[in-house]
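Visitor: can't give you the sequence, but here's the structure:
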């Protein structure tokens, strides 16, 4: 748990665990039955009945907690009890004396049959002015549509029966949904069928208070991550959020956390209870989370916008879930035998909260959810913020006395300096063990030594840790955890080649190799040097051939050797072995007509779509306002941004930018100075002939190729002076210089002669059939209905998908519907279909003349990046191109076009390791390029699971 933003408070719980007596053994504890009837709720109150087995004592004391685990605040939950009464077996009231806010003394207890009282709602009291009202995640909510039962606010315990088992009965309207980590044992319907009673069994009071329940008009989702079964219950009063929607926002993080913990024996079942406040006067205002043994209660504002809500909930759950490590499995006697009325506190908040907070930051970089720089930023912030507190204060002393005013003000530092203590210990563990041990491995060792049912002695823990580790660990803890000496963080960051500079943590220039290695191990950076793809069928692409049963050896991102399986030296050290049995290896694919259309969408999100579809090379075809593709390319090349091999044109040039020769000189100079790879012409009709010719000459002098749309009003030969023509559609306009756009030249002699001329020019052509075919889908009512059900729409931003799948879509608005319809001289669908059929015919003719073609899809609208390239492949196959010709257009041909054939485009020794592993042979059917088992980008391997995670991340970002 953590402080997120004022006044955003987070609570945390500390675990209490101990043995209990079992039926059939000596000294069996009496069973206690507690009943809560939600159907009787009135005026934000509910009745509770507590019925113990017969007692053999004259006096008992019944208490509700003064303090609940981990809140470090006096809650006095007895304050919210009214009309407390005790009855004997004849229904007569027994004498009750209220001893303090939380305690009732009952005389003649041997005659005690039951206790009855009413419990008040605390959610609507947080701003009442009453002091010490529990913050809502640890409070109670009682309203007709939803009940949040933090059971420590409803059910108490008898002083003399602390280990007694409980049976909890909750009566609800029959239509209520419910969620809790505590699973009901039975449920019974009332005779009239309108009520339902859920019965739960808890072996002792701790398990009752440790398992909150939410019931009412909820949305509940159940899902599994690794070996943990999650249950997510969400109350959203205005139904702005669903459990499924919130699950998507958390799933990536939960998967990463479970993967980070690996084989750690933690919770098998985990419940997440989310209450969203609508912000009304009587709605909860104390937002945050309360962590329990196997569940978390979260109270958040429903009215926050999604990005903010998900971001803070993500951070909160990242911290809360790690409490299954500590204190669930490692805790002291103070926690194990927690006294709800007169609590004492452990010395080791650095362990329970500091280590947990540190893991909640470290796992993100470990699991590649954030960059190194993001992680360094978090730690640098904690260093700076920790200085606001008493830096010379003993952490153990503060922890032990945390309820006192002097020390309580320093409590937030457990999330700052506590996490930094953990960071230093982690680095020390890495250094001392030459990278083989870590703080996480130490915590696992401690959990094996102690475990959830065996608490440690507070005063012995540090010596135990020292004996289990190294003298330097003990020395550090005695100085900086027990002792008051401030930590020199630079001393520890230096061990991994980092430096604190102007408030930031950055890498030193040229760090010593052993320090860099230690850093890579610490942050779980991909340090794989040698990869072997074993027993794979290789499609090398320099010829149409399949090399069966090959081993492909990759070192430092280069293909070093390709040999028949089992002939590579068996002593060759391999860091990563990939089984290629019955699979096919092809070069990485190229998206040669890509557009980042929407600045509101992070381009790295689109890169995930591309990589998940096997695309390792991208040519961006226009820099729009607000974009900087040179910076994107440079960040990718420096490893600061995840992305493919990236090439880019400059701004999308229309005629308004190219009016004069002076304009040409300025444009080319700008492209040269900025370092663009290409000059892109986007207007084929209005650029004057002399301006166009000067642009070609000026660009040639600066060695920047001109590409783009054809010159419609000039003979074919003029357009062939560019390096590439984008869209086979452009040839329609060259061959028809009139304004009659319904005219299509079907003269095969003419088209073949044109193809010969195109071939002789050496120009490249990017057909981009898929973008034009999509227009026909927009205009065909039956196919448009099918398009609305396209599952790929989830990879678009929600408002974009809504636009393209509605009649507001400008193709439908301009050509098919409404007052803005443009008259094409014929039915719009027939018009576009006739164009598309012509384009397919001419594409086939171009292929027959072996004109080099570039695979691209002009990503736009429902042409979804990544997936659209495979659609383009299938359309090219329909046209009549062979699978090998299509693969060439996406591998060897783009490599030659980009002048990188020496290192890209085929699979052979010395080439860069940009590869795609397929489950099916693409030479048999080009559709098999979609059967992706994994992708290697610059020597880094992305398994199917990792690619699926990327796709899920995109989907979640688009909600």
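Guide: Sure, I can see it. Computed from a predicted structure; not experimentally measured. Numbers count the residues shown, from 1 in each chain.
Visitor: What is whichever strand or helix holds residue 167 packed up against?
Guide: When elements are assigned from DSSP states H and E, residue 167 belongs to strand 166-173. Here strand 166-173 is seen to pack against strand 32-37, strand 195-202, helix 205-209, strand 213-216 when contacts are counted using 3 or more CB pairs under 8 Å, 6 or more residues apart in numbering; DSSP states H and E. C-beta: built from backbone N, CA, C; applies to glycine.
Visitor: Can I get these in a markdown table including distance to residue 793 and mean pLDDT?
Guide: As requested, the helices and strands packed on strand 166-173 are exported to a markdown table (distance: least, CB to CB, whole Å; pLDDT from 0 to 100):
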| stretch | distance to residue 793 | mean pLDDT |
| --- | --- | --- |
| strand 32-37 | 45 | 97 |
| strand 195-202 | 39 | 95 |
| helix 205-209 | 45 | 88 |
| strand 213-216 | 33 | 96 |
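Visitor: And these: which comes nearest residue 629?
Guide: strand 213-216 (48.3 Å; CB to CB).
Visitor: okay, the helices and strands packed on strand 166-173 in CSV with distance to residue 387 and mean neighbour count next?
Guide: Listed next are these as CSV, based on distance: least, CB to CB, whole Å; neighbours: other CB atoms under 10 Å:
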stretch, distance to residue 387, mean neighbour count
strand 32-37, 47, 21
strand 195-202, 44, 19
helix 205-209, 37, 25
strand 213-216, 40, 24
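Visitor: Throw those into JSON lines and include distance to residue 156, thanks.
Guide: Putting the helices and strands packed on strand 166-173 into JSON lines (distance: least, CB to CB, whole Å) gives the following:
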{"stretch": "strand 32-37", "distance to residue 156": "9"}
{"stretch": "strand 195-202", "distance to residue 156": "13"}
{"stretch": "helix 205-209", "distance to residue 156": "8"}
{"stretch": "strand 213-216", "distance to residue 156": "17"}
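Visitor: Of all those, which one comes closest to residue 673?
Guide: Taking CB to CB as the measure, those were each checked against residue 673, and strand 213-216 came out nearest at 60.9 Å.
Visitor: So which residues make contact with the closest one?
Guide: Counting contacts by CB atoms under 8 Å, 6 or more residues apart in numbering, the residues outside strand 213-216 that touch it are 38, 145-149, 151, 170, 172, 176-180, 182, 233, 235, 273, 275, 297.
Visitor: Tell me which of these fall in strands.
Guide: 146-149, 170, 172, 177-180, 233, 235, 273, 275, 297 (DSSP state E).
Visitor: Taking these, please make a PyMOL selection of just the buried ones.
Guide: One line in PyMOL is enough to select the buried ones among those; burial here means 16 or more other CB atoms under 10 Å:
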select buried, resi 146+147+148+149+170+172+178+179+180+233+235+273+275+297
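Visitor: Let me know the closest of the ones in strands among the contacts of strand 213-216 to residue 347.
Guide: Ranked by distance to residue 347 (CB to CB), those are led by residue 297 at 27.0 Å.
Visitor: now that closest one, which residues is it bridged with?
Guide: residue 273, residue 290 (DSSP bridges).
Visitor: need the contact list for it.
Guide: Under the criterion of CB under 8 Å, 6+ apart, the neighbours of residue 297 are 137-138, 148, 150, 212, 214, 273, 275, 289-290.
Visitor: give me that answer again for 6 Å
Guide: Contact analysis of residue 297 by CB atoms under 6 Å, 6 or more residues apart in numbering lists 137, 212, 273, 290.
Visitor: What is the burial count for residue 650?
Guide: Using other CB atoms under 10 Å, the number of residues around residue 650 comes to 22.
Visitor: For the residue nearest to it when sequence neighbours are not counted, give its distance to residue 596.
Guide: In space, not counting the residues next to it along the chain, residue 650 is nearest to residue 676; the distance is 4.1 Å by CB to CB, 6 or more residues apart in numbering. With distances taken as CB to CB, to the nearest Å, residue 676 is found 15 Å from residue 596.
Visitor: and what of residue 827?
Guide: Taking CB to CB as the criterion, residue 827 is separated from residue 596 by 34 Å.
Visitor: These two - which one has more neighbours?
Guide: residue 596 (22 against 13).
Visitor: Name the nearest residue to the more buried one, ignoring sequence neighbours.
Guide: Excluding its sequence neighbours, the residue lying closest to residue 596 (CB to CB, 6+ apart) is residue 603, at 5.2 Å.
Visitor: And that neighbour, how far from residue 594?
Guide: Note on residue 603: its distance to residue 594, by CB to CB, is 10 Å.
Visitor: repeat for residue 446
Guide: 51 Å.
Visitor: Those two: which is more packed in?
Guide: Comparing residue 446 with residue 594 by other CB under 10 Å, the one with more neighbours is residue 594, at 28 against 20.
Visitor: is it true that the residue nearest to residue 650 touches residue 652?
Guide: No. No contact is recorded between residue 676 and residue 652 when judged using CB atoms under 6 Å, the distance being 11.8 Å.
Visitor: more neighbours, these two?
Guide: Just comparing residue 676 and residue 652: by other CB under 10 Å the higher neighbour count belongs to residue 676, 21 against 17.
Visitor: The more buried one: helix or strand, and which one exactly?
Guide: Applying DSSP H and E, one finds residue 676 in no helix or strand.
Visitor: give the contact list for the residue nearest to residue 877 when sequence neighbours are not counted.
Guide: Distances taken as CB to CB, 6+ apart put residue 926 closest to residue 877, at 4.7 Å, once the chain neighbours are dropped. For residue 926, the contact set (CB under 6 Å, 6+ apart) comprises 873, 877, 883, 886.
Visitor: Can you give me the domain assignment for the chain?
Guide: Per the record, the chain has its domains at 32-324, 345-522, 723-881, by automatic domain parsing.
Visitor: now those in JSON lines, with distance to residue 581?
Guide: Output for these, formatted as JSON lines (distance: least, CB to CB, whole Å):
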{"stretch": "domain 32-324", "distance to residue 581": "25"}
{"stretch": "domain 345-522", "distance to residue 581": "27"}
{"stretch": "domain 723-881", "distance to residue 581": "24"}
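Visitor: what about these, which gets the closest to residue 611?
Guide: For the domains of the chain, distance to residue 611 was read as CB to CB. The smallest value, 7.7 Å, belongs to domain 723-881.
Visitor: average pLDDT for that closest one?
Guide: Model confidence over domain 723-881, given as mean pLDDT, is 92.
Visitor: and what of stretch 637-653?
Guide: pLDDT averaged over stretch 637-653 gives 90.
Visitor: Return the set of buried residues in stretch 576-595.
Guide: In stretch 576-595, the ones that count as buried by 16+ other CB under 10 Å are 578, 580, 583-595.
Visitor: from those, which single one is nearest residue 763?
Guide: Relative to residue 763, and with distances defined as CB to CB, the nearest of these is residue 592, at 13.9 Å.
Visitor: Can you name the element that comes right after the helix or strand harbouring the closest one?
Guide: Residue 592 is located in strand 589-594, with elements delineated by DSSP H and E. With elements assigned by DSSP H and E, the helix or strand that comes after strand 589-594 is helix 603-612.
Visitor: which residues touch residue 282?
Guide: Residues counted as contacts of residue 282 (CB under 6 Å, 6+ apart) are residue 124.
Visitor: Nice, that's everything, thank you.
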